[in-house]
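J.: sequence and predicted structure are below.
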Amino acid sequence: MQIRTGFRILPGIYKYKNTWWYLAIFVFIVHIFSITSILFAIAKEEDDAPIILQNTSNPDPTLHQAKTSTPVSSYSNGSILSTDKDSYTKGENILISIHTTPNNTPTLSLHDPSGIVYRFLEEQSRNESYNYVYIANSEGNYTVIANLVSGNETRELQTVFTVTDPVSNHRTNPALSQVSPEIDALIPEDAMNVEFFMELGEEKPPASGLQHDLQDKADVRKVELMQETAVINQPVKWVLSNGSSIVKYRTPPARLVEENSNETIKRVIVESTASVHYYNVTSFTNIKETGKEYIRLFWFDNGTRVDVTRDPAYNLTFFDTDGNGLINNVQWTVPKLSSQTFEIETITIINVQSYPTLGGNWTVRFNTSGTSNLSITPVNGTLFGKDLEFSGLWCGATELNATYNGTSVTYPGWNCTDEGKIVNRPITSGKHTLEFIFGSSVEYAYNLVDSNLNLTPENITFVYSAGQLSDVTETGEAKEGINLTINATIYNQGVSESGPFSVLFYDGNIEFYNSSIGSVSSGGSANATAYWNTLAGTHNITVRADPYNSTLDSDLSNNNASKYINVSSWQKYYGNISGNIALASSETVNVTRWDWSNTSSGYIYLVKKGATINWSSLWALGYMKDSSTKGTADFLDADTALGMALGVNNATGFANNNISSLFSSDGTNATSTLNVTIRGKIIEKVAVVNSTNLTNSTNAAGADYITGILWDTSDAAGVEYTGVEELVFIAKINHGSTGLVNISHDYEIAIPNAMRAAVSGDVDFYEELR
């Protein structure tokens, strides 16, 4: 069987039982063009029912018999011509089936006055049946007409294909001319969305895009192939024209693959799997934000890194997509694409602007990627030897042997995966500029050597007058409630006089004093003085020189300094006990007299002035009322009640300076305990500390002098201490021992300052004599 079309002669002559079967061409009448794919199948078999070897529209092998709405033409000799449907919609395949009987010679003719472009895909055969599969590389609304001549009989079938969204605005009368057969051969195998239309008069495709001149072998007319705009991740449009016919199609998109990237370099591959090469492909990628002047584009030409940043063929373009003034996206053109590798590179100066001191170090830190020559040169009037003295070049912690010729510092083949830095010493005041050239990347670093106030913690001093130092030195250096003098010495390390400025003093973030300085000469210093009413706890005293930058200081980072001070929360009492007691009746008879001294029996009690204590209701702090059950955070509750907790009065802490840290390890459990007997009642596990040294927790219960802590349970609404109940501090009398100030006395006891009504307030003493 031989197949003929208006475009090409398809290979294959098939013989069946010594009889030749000739298959000619389909007729397509094209009305309006849109997207479609058409499958033609021709089948032949021995039995009465036709075998449809490939039917992607309907798998029913007896379709022409089962569906009366399907176009069917029957012949007296038994031949049958049929289609599987009488109308089609966009995207459906068209199947035409032929069935004949032996010894008959039917001929199927397919006519093409419309010039439809289609492609032969494959040939299928089984027994006496044949399928020829075609796909139409055109788009449109048209009618298919098939003619079959079998014996002396001719039959014709017509089926309609309808599409309502034509895509071409170049639609013309399709009967005026026909497309050359060779145009079909020029359409690549991976073409998509193919559309065909005819031209009228001198109408031509758009003049944009890249054109190729080809030769139409059938009528010796020039064929133009034009690639329209190509952008990564988007199918590429093509236009194929021979002056009278046009075919448009698309090929698979190019894509961009990120191979690796870091802070300063990003490598990408622009590639395509299409069967054709693309030209002028627009590529783009996001990068780390940086200045436009710091970005370079490199193309790898057979492994050689070529800088194409300023090459107009690559048209590198910069975008700031978030509007913050920094570039975060770049776009460029790939002139010819198969698979091309690019690198987007930046050299990054970490500290672009610096404020070194005259004679100090100016350190510029920078990052680079890859290998290239590095050159660092003073520019804009700055000179080595006159303004700067070169000290060294480092990669990470390693100092390198750079070349210094008096005008620049160079290092061939610089490759540093760590942070690079160069150190110079400014020897003149004013502005200095360094230019960094790495390959073709250029960046700049600047400094300003000017007045520079300097303040360190060592320049802050606390001045104590007589009686202001704490007596309880283990808990703090200063007494609570004193008017402490604080001095701060500010130095001017700049090259010019500072002018007047303010010095502010802070307790944490609370400003408590403002001092003024007239001016400080270059290399000179001045002293600022403040006064602070001390508060219990640890406090961070901060001094800020020239906080408003009145002096136009070149480096504000060294104008602030802080120093901690610990203000003791405790007061100690010690002494001897002696006296006598006389009891008599109202008639002054039966007089009894006790002389009391030099004994180690009994206890001393200290309570808040005016507090009423139920002595029979005392219990160990840390335990529930008359119980051996521990309370929860009782020591911390006591600190909170007495204003000795973190954050109170801007205190940053109370290390070894409150009840929780001295009597307890965690605010709940006592560190050391002792059993005591009060008015004949045994109270177990009373938390105690060493009165002589509160921070010495080693065997505190066995110390010569101890301080314990109790609470009055009669004040409690419940069974646990909450902070509102009265606290009672207790000390055991121990005659003849030596403690504070290295003298012998009967007792020592420590209490929080907050037990007093005021800094100089009173507390109530009680003694239990035995």
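T.: Cool, the structure landed. Values in this document were obtained by computation on a predicted structure and should not be read as measured data. Residues are numbered from 1 along each chain as shown.
J.: name the residues of the helix or strand hosting L374 that are buried.
T.: Taking DSSP states H and E as the criterion, the element that holds L374 is strand 372-379. Across strand 372-379, burial judged by 16 or more other C-beta atoms under 10 Å covers S372, L374, S375, I376, T377, P378. For glycine as for every other residue, the C-beta is placed from the backbone atoms N, C-alpha and C.
J.: ok, and the closest non-adjacent residue to the fifth one?
T.: Nearest-residue entry for T377: S408, 3.9 Å, with adjacent residues in sequence omitted and distances by C-beta to C-beta, 6 or more residues apart in numbering.
J.: counting neighbours, what do you get for the one you found?
T.: S408 has 18 neighbouring residues, counting by other C-beta atoms under 10 Å.
J.: which pLDDT value belongs to it?
T.: We have a pLDDT of 96 for S408.
J.: who's in contact with it?
T.: For S408, the contacting residues are S375, I376, T377, P378, F384, by C-beta atoms under 8 Å, 6 or more residues apart in numbering.
J.: mind running it again at 10 Å?
T.: S375, I376, T377, P378, V379, F384, F390, A402, L434, E435, I437 (C-beta atoms under 10 Å, 6 or more residues apart in numbering).
J.: same check, this time on F436
T.: Contacts of F436 by C-beta under 10 Å, 6+ apart are 294, 347-349, 364, 366, 368, 374-377, 409, 420, 422, 442-445.
J.: A strand includes it, no?
T.: Yes: counting by DSSP: H, G, I helix; E, B strand; the rest coil, F436 is located in a strand.
J.: for it, list each beta-bridge partner.
T.: I376, E443 (DSSP bridges).
J.: separation between it and K630?
T.: Using C-beta to C-beta, to the nearest Å, F436 is found at 67 Å from K630.
J.: N734 too?
T.: 29 Å.
J.: related to what we said a few turns ago, just the buried residues of strand 372-379: which has the poorest pLDDT?
T.: Per-residue pLDDT puts S372 lowest of the buried residues of strand 372-379, at 83.
J.: do I have it right that that residue meets W414?
T.: Yes: taking contacts as C-beta atoms under 10 Å, S372 lies within contact range of W414: 6.3 Å.
J.: joint contacts of those two?
T.: In contact with both S372 and W414: F438, G439, using C-beta under 10 Å, 6+ apart.
J.: show me where the stretch 501-650 of the chain has its strands.
T.: Secondary structure of the stretch 501-650 of the chain (DSSP state E, counting those that start in this stretch): strands at 501-507, 510-517, 525-533, 537-545, 560-567, 570-575, 578-583, 592-597, 603-608, 618-620.
J.: ok, what's across the strand from V689?
T.: According to DSSP bridges, beta-bridge pairing links V689 with T707.
J.: for it, grab the count of nearby residues.
T.: 25.
J.: export the longest helix along the chain to CSV, keeping only CA atoms.
T.: Criterion DSSP state H: the longest helix present in the chain is helix 634-641. Coordinates of each C-alpha in helix 634-641 appear next as CSV, following Å, rounded to 0.1, in the frame of the first residue of the first chain:
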residue,chain,number,x,y,z
ASP,A,634,9.8,30.7,101.9
PHE,A,635,13.3,32.3,101.9
LEU,A,636,12.6,34.0,98.5
ASP,A,637,9.3,35.2,99.9
ALA,A,638,11.1,36.8,102.8
ASP,A,639,13.5,38.6,100.4
THR,A,640,10.6,39.9,98.4
ALA,A,641,8.9,41.2,101.5
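J.: which neighbouring elements make contact with it?
T.: helix 659-663, strand 706-712 (3 or more C-beta pairs under 10 Å, 6 or more residues apart in numbering; DSSP states H and E).
J.: what is the mean pLDDT for the last one?
T.: Mean pLDDT, computed over strand 706-712, is 96.
J.: now the element after that strand, going C-ward?
T.: strand 727-732.
J.: in its sheet, what does that next one sit against?
T.: Checking strand 727-732 against DSSP bridges gives partners strand 603-608 (antiparallel), strand 706-712 (antiparallel).
J.: report the angle between it and strand 570-575.
T.: Interaxial angle, strand 727-732 versus strand 570-575 (axes from the mean of the first three to the mean of the last three C-alpha atoms, to 10 degrees): 40 degrees.
J.: pull the residues that contact stretch 316-329.
T.: 282, 284-297, 308-310, 330-333, 344, 346.
J.: got a quick PyMOL command for the buried subset of those?
T.: Selecting only the buried entries of the contacts of stretch 316-329 in PyMOL, with 16+ other C-beta under 10 Å as the criterion:
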select buried, resi 282+285+287+288+290+291+294+295+296+297+308+309+330+332+333+344+346
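J.: got the buried residues for stretch 425-433?
T.: For stretch 425-433, a neighbour-count test (16+ other C-beta under 10 Å) marks R425, P426, S429, H432 as buried.
J.: scratch that, stretch 304-318
T.: Neighbour counts over stretch 304-318 (16+ other C-beta under 10 Å) mark R305, D307, V308, T309, Y314, L316, F318 as buried.
J.: just to revisit the earlier point, in terms of neighbours, single out the busier of N734 and K630.
T.: N734 (19 against 15).
J.: and for the closest residue to F654 other than its chain neighbours, the neighbour number?
T.: Nearest residue to F654, sequence neighbours excluded (C-beta to C-beta, 6+ apart): G537, at 5.1 Å. When neighbours are defined as other C-beta under 10 Å, G537 has 27 of them.
J.: state the pLDDT value of G537.
T.: For G537, the model assigns a pLDDT of 93.
J.: what is it paired to in the beta sheet?
T.: V567.
J.: what about stretch 382-398, average pLDDT?
T.: Averaged over stretch 382-398, pLDDT sits at 94.
J.: now do the buried residues in that stretch.
T.: T382, F384, D387, L388, F390, G392, L393, W394, C395.
J.: so what's the third one up against?
T.: By that I understand D387. 378, 381, 424-433, 447, 449.
J.: between the strands of the stretch 501-650 of the chain, which one is nearest to F729?
T.: Proximity to F729 (C-beta to C-beta) singles out strand 603-608 among the strands of the stretch 501-650 of the chain, at 4.6 Å.
J.: C-alpha coordinates for that closest one, PDB please?
T.: Only the C-alpha atoms of strand 603-608 are listed here, as PDB (Å, rounded to 0.1, in the frame of the first residue of the first chain):
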ATOM      1  CA  TYR A 603      19.000  33.800 123.300                       C
ATOM      2  CA  ILE A 604      19.000  37.300 121.800                       C
ATOM      3  CA  TYR A 605      16.000  38.100 119.500                       C
ATOM      4  CA  LEU A 606      15.700  41.000 117.100                       C
ATOM      5  CA  VAL A 607      12.500  42.100 115.500                       C
ATOM      6  CA  LYS A 608      11.100  45.100 113.600                       C
END
